[in-house]
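In: I would like the atomic coordinates for the input below:
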Amino acid sequence: MIRIALSAKLRASLLAAASVAVLAGPVLAQTSQPQEARVMQILKRTPLIDGHNDLPWALRQGFGNDPHGVDLNANLSTSTRLHTDIPRLRAGGVGGQFWSVYVPASMAPVDAAKATFEQIDTVKRIVAAHPETFEIATTADDLVRIHRAGKIASLIGMEGGYSIDDSLGLLREFYDSGARYMTLTHSKSTTWADSGTDAPKWNGLNAFGEDVVREMNRLGMMVDLSHVSEATMVDAIRVSEAPVIFSHSSARAVTAHPRNVPDAVLRQMESNGGIVMVTFVPGFVSEAVRAAGAARGAEMTRLTALNPGDPAAVKAGMDAWNAANPAPKATMEDVIAHIQHVRDVAGIDHVGLGGDYDGVDSLPVGLEGVDGYPRLLAELMRRGWSEADIRKISGENLLRVMRGVERVAASKSAERPSLAKLPNDGAPE
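Out: You can find the predicted model right below:
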């Protein structure tokens, strides 16, 4: 196998990027401080709605799936790896949160369905454990009412269409349980939709995949296109009568990751009415981080091939490689570049925020926890964004999308539930 390694020039550039990253966060925070009070005033009137937070899975993995297993009333930034707790949510001005009910793509569909229902239960138990802070929302009006009452509206978003196990009946049960969006795929393609990080099987959606989108429209469940392939994005936008969302994606023109949204799709947001909620995942927002990650993965593949059955040798080799190639850091500046690009291409009415907190190991400098939103919004204001712009990116755009999805569902209230099924020969081997 050909040895793949970073050149000295690339290593130098990554080190330089890391140095800039360390400096950029504090500088941005210092220059934006005078605007943060204005931002918090705006967020008292307009709910800041984040599109994707993986706290339920973090509780499942690290705290026995028990909301009482960790004190969410305490700031946990120094005592745990969690990015989310109630003090930081309050400091971040968060008024509405889509809690992701994620399960791994490696699960068999029937197991994924069970685990997803368990994750929905976890969200409801988080809310029940802190009724003074959280309340379940299922509509745009719910969200506004709960925010006005001083609580954080808690919504549920499914991450991965394999959880419906090719059953529209299960899809309806998830909706009845409170799920208000479903990401059509995660990291692997399903039996009806292609993922952006897996080999294509259908060149987008197959016929049953189109039926899934139509039934989501009928129900009033938002079609989430984060994680899907470009062909699936295009197919879903063509089929959907309602606005679509990207709950946690960034711009591919800025960072060339397949999880990001290409300009050709961004340009369809105006006609569709949808929204791209920019994520903070370092590998999706920083080209230096993405390139370093790709090089690290290639080195892991090389070492594994050279040392079959010898994980100790692989680990030793990777430790040496990591020491010689310090990882760069993403910055708030990187995130702003994506926000600005989505605005420039799709328009101010089609950009939102989807941090992916507690779904990643690291975050950009200055955005390490859910308390970072005022710093980000203040920096946008310092760069000329108006209060009306801040209201839109914070929550007004998503509320418009939710109401659009609800209107489409209301127009279909007389339609019968779909009985479409995946053909027996429709699943790939």
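In: How about the contacts made by residue 92?
Out: The contact partners of residue 92, by Cβ atoms under 8 Å, 6 or more residues apart in numbering, come to 48, 369-374. For glycine as for every other residue, the C-beta is placed from the backbone atoms N, C-alpha and C.
In: now residue 47: how far from residue 94?
Out: Counting by Cβ to Cβ, to the nearest Å, the gap from residue 47 to residue 94 is 8 Å.
In: quick one: the strands in the stretch 301-429 of the chain?
Out: Using DSSP state E, counting those that start in this stretch, the strands found in the stretch 301-429 of the chain span residues 351-353.
In: which stretches of it aren't confidently modelled?
Out: Applying pLDDT under 70 to the stretch 301-429 of the chain flags residues 425-429.
In: make it 80
Out: 424-429 (pLDDT under 80).
In: where do the helices sit along it?
Out: Counting by DSSP state H, counting those that start in this stretch, one finds helices in the stretch 301-429 of the chain at the ranges 311-324, 332-346, 373-382, 387-391, 397-411.
In: So for the strand or helix carrying residue 146, mean pLDDT?
Out: Residue 146 belongs to helix 140-148 when assigned by DSSP states H and E. Helix 140-148 shows a mean pLDDT of 98.
In: list the buried ones in that helix?
Out: Buried residues in helix 140-148, counted by 16 or more other Cβ atoms under 10 Å: 140, 142-144, 146-147.
In: I'd like the next helix or strand past that helix.
Out: Next helix or strand after helix 140-148 toward the C-terminus (DSSP H and E): strand 152-159.
In: which strands and helices sit next to that next one?
Out: Applying 3 or more Cβ pairs under 8 Å, 6 or more residues apart in numbering; DSSP states H and E, one finds that strand 152-159 contacts strand 48-53, strand 94-102, helix 109-129, strand 134-136, helix 140-148, strand 179-183.
In: Each with direction, which strands does it pair with?
Out: With DSSP bridges as the test, strand 152-159 is paired with strand 94-102 (parallel), strand 134-136 (parallel), strand 179-183 (parallel).
In: Compile the ones you listed into CSV and extend it with columns for mean pLDDT and mean neighbour count.
Out: Converted to CSV, these look like this (pLDDT from 0 to 100; neighbours: other Cβ atoms under 10 Å):
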stretch, mean pLDDT, mean neighbour count
strand 94-102, 98, 27
strand 134-136, 98, 19
strand 179-183, 98, 26
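In: which stretch among the ones you listed comes nearest residue 383?
Out: Among those, strand 94-102 comes nearest to residue 383, with 22.3 Å by Cβ to Cβ.
In: between the closest one and helix 140-148, how big is the angle?
Out: Here strand 94-102 runs at an angle of 120 degrees relative to helix 140-148 (axes from the mean of the first three to the mean of the last three Cα atoms, to 10 degrees).
In: Would you pull up how far strand 94-102 lies from the middle of the chain?
Out: Put simply, strand 94-102 sits 10 Å off its chain's centre (Cα atoms, centre = their mean, to the nearest Å).
In: just the angle between the helix holding residue 146 and strand 48-53, please?
Out: 110 degrees.
In: May I have helix 140-148 as CSV, with CA atoms only?
Out: Extracted in CSV, the C-alpha atoms of helix 140-148 (Å, rounded to 0.1, in the frame of the first residue of the first chain):
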residue,chain,number,x,y,z
ALA,A,140,-44.4,26.4,16.5
ASP,A,141,-47.1,27.9,18.7
ASP,A,142,-46.0,25.6,21.5
LEU,A,143,-42.4,26.8,21.1
VAL,A,144,-43.4,30.5,21.2
ARG,A,145,-45.7,30.0,24.2
ILE,A,146,-43.1,28.0,26.2
HIS,A,147,-40.4,30.6,25.5
ARG,A,148,-42.6,33.4,26.6
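In: can you pull the buried residues of stretch 409-420?
Out: 409, 412, 418.
In: Give me the nearest residue to the first one, chain neighbours excluded.
Out: The one in question is residue 409. residue 220 (3.2 Å; Cβ to Cβ, 6 or more residues apart in numbering).
In: residues contacting the one you found?
Out: 175, 180, 405-406, 408-410.
In: Isn't residue 279 up against residue 286?
Out: No - using Cβ atoms under 8 Å as the test, residue 279 is too far from residue 286 to be in contact (11.8 Å).
In: hmm, back to that, grab the two from the contacts of residue 92 that are most spread out in space.
Out: Farthest apart among these by Cβ to Cβ are 48 and 369. That separation is 14.2 Å.
In: okay, those two: which has more neighbours?
Out: Neighbour count, other Cβ atoms under 10 Å: between residue 48 and residue 369, residue 48 has more, with 29 against 22.
In: wait, isn't the more buried one in contact with residue 392?
Out: No - contact status for residue 48 versus residue 392: not in contact, 11.5 Å apart, counting by Cβ under 8 Å.
In: rewinding a little: need the strands paired with strand 152-159 in JSON lines with distance to residue 359, can you?
Out: What follows is the strands paired with strand 152-159, written out as JSON lines (distance: least, Cβ to Cβ, whole Å):
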{"stretch": "strand 94-102", "distance to residue 359": "7"}
{"stretch": "strand 134-136", "distance to residue 359": "19"}
{"stretch": "strand 179-183", "distance to residue 359": "12"}
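In: quick one: which of the ones you listed is nearest residue 328?
Out: The closest of the strands paired with strand 152-159 to residue 328 is strand 94-102. By Cβ to Cβ, the value is 26.5 Å.
In: what angle separates the closest one from helix 109-129?
Out: 150 degrees.
In: now strand 94-102 against helix 373-382, angle please.
Out: Going by the same axes, to 10 degrees, strand 94-102 makes 120 degrees with helix 373-382.
In: Report the backbone C-alpha coordinates of strand 94-102 in CSV.
Out: Provided in CSV are the C-alpha atoms of strand 94-102 (Å, rounded to 0.1, in the frame of the first residue of the first chain):
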residue,chain,number,x,y,z
VAL,A,94,-31.4,29.0,24.3
GLY,A,95,-35.2,29.2,24.0
GLY,A,96,-35.9,26.1,22.0
GLN,A,97,-33.8,22.9,21.6
PHE,A,98,-34.3,20.0,19.3
TRP,A,99,-33.0,17.1,21.3
SER,A,100,-31.6,14.5,18.9
VAL,A,101,-32.8,10.9,19.5
TYR,A,102,-29.8,9.4,17.8
